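J.: dropping the sequence and predicted coords here.
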Amino acid sequence: MGGGSYSTVNRSVRATAMNYATAPIHEVFTQQKERRVHDSMDSTKIENREARDSEGHLNSFPLIIALDLTGSMGSIPHHLVKEGLPTLMSGIIQNGLKDPALLFLGVGDHETDGYPLQVGQFESGDEELDMWLTRTYIEGGGGGNGGESYSLAHYFAARHVQTDSWDKRKTKGILITIGDEPNLENYPTNAMKEVMGNGNIKTFTDKEMLEEAQEQWEVFHIYPVRYYERNDTVDYWKQLLGERFFTVKDEAGIVEKIKEIVIKHSPRNVVPIEAKDTKKSADKKTKIL
């Protein structure tokens, strides 16, 4: 995990220099020209990721955001680069989560895609988070098989992530998958060997892996409806997650919902900005009286 801090000022300067607001997707996401996963995010080469405390982040809190990188969802990472990520990070920090450590995962379809799982690093700094996000290869795949492989995010979080939040404080991190399909239900050993580069994985189902992930993670799913709401997607996720499944209208709604989830379910260790402002106003009125 990197030790940087999130600066909206530095991020704004860099975004202008990189032309994030108007540059096309193939210029912002560097792997689009190569049409392959970045070596540092290749799941077959990654054993684990860690979110640890550091001198600058004494109480690190892990957040995993798993982005659907299939054809219909490619605009979401682009929105995060353009404006969503600074809105998200500044929002959760100002509301009291002092030491967030964010990991981006990319998920696709393990039955059809070449790169159904891409893995970043836990980071806190604005430059580092932008780096991992823009390294993501938006494969644009998926198939007509009735779902995507969101369970790969649950699998990786359950078996390949270590955090001080859990090891030291027994505090669960937050894992949010984002996508517009139901989950594919079966993950056989041979498929997982291709995803992770080894065959030492027993066949599992979506429900089995969710239960395993929930031992150390608060798990949620966000469905960006955009044009029309699919009943099969809604029914599947409601049955799987109940009140931890949310629908939103668009990309901006995704960022606001993530913020809402994090603020509600994380151990915030400072007084929120709004509360501070209210207290200052009250103090001023008391002095005047």
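T.: That came in fine, so what should we check first? Residues are numbered from 1 along each chain as shown.

J.: quick one: the strands in the protein?
T.: Listed in chain order, the strands of the chain (DSSP state E) span 49-51, 61-68, 100-107, 117-119, 161-163, 173-178, 186-187, 204-205, 217-224, 245-248.

J.: ok, now which ones touch residue 139?
T.: 69-70, 106, 108, 113-115 (CB atoms under 8 Å, 6 or more residues apart in numbering). Yep, even glycine has a C-beta here, placed from its N, CA and C like the rest.

J.: from those residues, which is closest to residue 93?
T.: Taking CB to CB as the measure, residue 93 lies nearest residue 106 of those, at 24.3 Å.

J.: so what's the spatially closest residue to the closest one that is not a sequence neighbour bridging to?
T.: Leaving aside its sequence neighbours, residue 106 sits nearest to residue 118 (CB to CB, 6 or more residues apart in numbering; 3.5 Å). Beta-bridge partners recorded for residue 118 (DSSP bridges): residue 42, residue 106.

J.: what do you get for the one 5 residues further on?
T.: With beta bridges defined as DSSP bridges, residue 123 has these partners: residue 102.

J.: which pLDDT value goes with it?
T.: What the model reports for residue 123 is a pLDDT of 97.

J.: doesn't residue 4 make contact with it?
T.: Yes: counting by CB atoms under 8 Å, residue 4 is a contact partner of residue 123 at 7.1 Å.

J.: these two: who's more crowded?
T.: Per other CB atoms under 10 Å, whichever of residue 123 and residue 4 has more neighbours is residue 123, with 24 against 17.

J.: now that one: how far from residue 12?
T.: Separation of residue 123 from residue 12 (CB to CB, to the nearest Å): 18 Å.

J.: pLDDT weak spots in the stretch 1-150 of the chain?
T.: 1-3 (pLDDT under 70).

J.: at 80 instead, please
T.: Residues of the stretch 1-150 of the chain meeting the criterion pLDDT under 80: 1-3, 72.

J.: okay, helices next: where are they in it?
T.: 8-18, 25-28, 75-79, 85-94, 126-135 (DSSP state H, counting those that start in this stretch).

J.: make JSON lines out of those helices and add mean neighbour count.
T.: As requested, these are arranged in JSON lines below (neighbours: other CB atoms under 10 Å):
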{"stretch": "helix 8-18", "mean neighbour count": "13"}
{"stretch": "helix 25-28", "mean neighbour count": "15"}
{"stretch": "helix 75-79", "mean neighbour count": "20"}
{"stretch": "helix 85-94", "mean neighbour count": "20"}
{"stretch": "helix 126-135", "mean neighbour count": "20"}
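
J.: compare the ones you listed and give me the one nearest residue 251.
T.: Among the helices of the stretch 1-150 of the chain, helix 75-79 sits nearest to residue 251 (CB to CB), with 3.8 Å.

J.: burial of residue 71, as a residue count?
T.: Residues near residue 71, counting by other CB under 10 Å, number 13.

J.: contact partners for it?
T.: 140-142.

J.: ok, the spatially most central residue of the chain - contacts?
T.: The geometric centre of the chain, computed from its C-alpha atoms, lies nearest to residue 65 (CA atoms, centre = their mean), at 0.8 Å. Applying CB under 8 Å, 6+ apart, we find residue 65 in contact with 102-105, 176, 178, 258.

J.: can you tell me which of these lies nearest to residue 203?
T.: residue 105 (21.4 Å).

J.: which residue packs closest to that closest one, ignoring adjacent ones?
T.: Residue 105 sits nearest to residue 66 (CB to CB, 6+ apart), 4.1 Å away.

J.: please apply the same query to residue 11.
T.: The spatial neighbour of residue 11 that comes closest, neighbours along the chain excluded (CB to CB, 6+ apart), is residue 126 at 4.1 Å.

J.: you'd agree residue 221 is up against residue 153?
T.: No: contact criterion CB under 8 Å: residue 221 and residue 153 do not qualify, at 9.8 Å.
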